[in-house]
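>>> This is a predicted model, with the sequence first.
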Amino acid sequence: MKRALIAFLFAGAAVLATAAPAAAHNALISSDPKDKTSLEVGPSTITLTFDQDVQGGQGINTISVVDANGGHYEVAGDPTIKDTAVSAKVNALGKAGEYKIGYRILSADGHPVSGELTFTLTKDGAGTPTTPANANASTGDSGSSDGLPIWVWIVGAVVLLGGGVFFALRGGGAKA
């Protein structure tokens with residue numbers, strides 16, 4: 001019994017000593033234009049600000065502006081990144097109505113973060129929609145998940161730890 005307690009204490013200490021801190025993904029903290037706002041004139045630039053740095057690189061981050069009929073108004077090319085802010089140029093918008101801002105960025109911890117905001121254009125603009133180079137990327141839909149949740153790793157560690165303790169106790173009584 002004493003051996004089992006010692007083995008369990010050592011195993012528990014090993015799990016605690018090697019546990020990595022939980023990595024939180026980026027979260028959107030502000031936007032220009034703000035979510036669910038009304039504008040008379042469409043923005044020339046969309047700026048999204050996150051709580052952590054955003055990784056840069058060609059084709060990694062996307063921002064799209066889409067009207068109610070699916071027409072795109074974002075300028076082709078990669079958004080500009082400055083620390084926690086991601087900005088994209090926008091062409092002149094079209095008809096008055098609701099527009100969606102879709103985004104997909106790569107957080108500093110390497111995980112993709114996507115979301116959507118809306119705003120309403122109250123007066124018709126002079127713009128016409130364009131066709132994006134990559135429709136899935138511009139809407140923020142990558143078709144992939146953000147990875148395994150942390151609970152899967154914890155359950156796996158507990159199972160391995162429990163199995164190790166079981167075999168340590170079982171094999172401890174055998175004599176050679």
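Arrived safely. Numbers count the residues shown, from 1 in each chain.
>>> ok, and the helix or strand in the chain with the lowest average confidence?
Taking mean pLDDT, DSSP states H and E as the measure, the helix or strand of the chain with the lowest value is helix 135-138, at a mean of 44.
>>> Let me see the domain layout of the chain.
For the chain, automatic domain parsing gives the domain ranges 2-22+150-172, 28-138.
>>> By mean pLDDT, show me the worst of these.
Set side by side, these give their lowest mean pLDDT on domain 2-22+150-172, at a mean of 69.
>>> Which secondary structure elements does the helix ranked longest in the chain sit against?
For the chain, the helix that runs over the most residues, judged by DSSP state H, is helix 150-172. In terms of contacts (3 or more Cβ pairs under 8 Å, 6 or more residues apart in numbering; DSSP states H and E), helix 150-172 is packed against helix 2-18. (Glycine included, C-beta is placed from N, CA and C.)
>>> I'd like the next helix or strand past the helix it packs on.
Once helix 2-18 ends, the next helix or strand along the chain (criterion: DSSP states H and E) is strand 28-32.
>>> Flag every buried residue along that following strand.
Residues 28, 31 are the ones in strand 28-32 that count as buried (16 or more other Cβ atoms under 10 Å).
>>> Now do it: distance to the chain's middle.
14 Å (Cα atoms, centre = their mean, to the nearest Å).
>>> For residue 98, see how far away the nearest residue to residue 97 once chain neighbours are set aside is.
With sequence-adjacent residues excluded and distances taken as Cβ to Cβ, 6 or more residues apart in numbering, residue 97 is closest to residue 68, at 5.0 Å. Residue 68 is 6 Å from residue 98, where distance means Cβ to Cβ, to the nearest Å.
>>> Report the beta-bridge partner residues of the most centrally placed residue in the chain.
The residue lying closest to the centre of the chain (Cα atoms, centre = their mean) is residue 113, at 1.5 Å. Beta bridges link residue 113 to residue 105 when assigned by DSSP bridges.
>>> Mean neighbour count, the domains of the chain: which tops it?
domain 28-138 (a mean of 16; mean count of other Cβ atoms under 10 Å).
>>> ok so, going back, could you pull up the contacting residues of the residue nearest to the centre of the chain?
With contact set as Cβ atoms under 8 Å, 6 or more residues apart in numbering, residue 113 has these partners: 25-28, 50, 104-107, 146.
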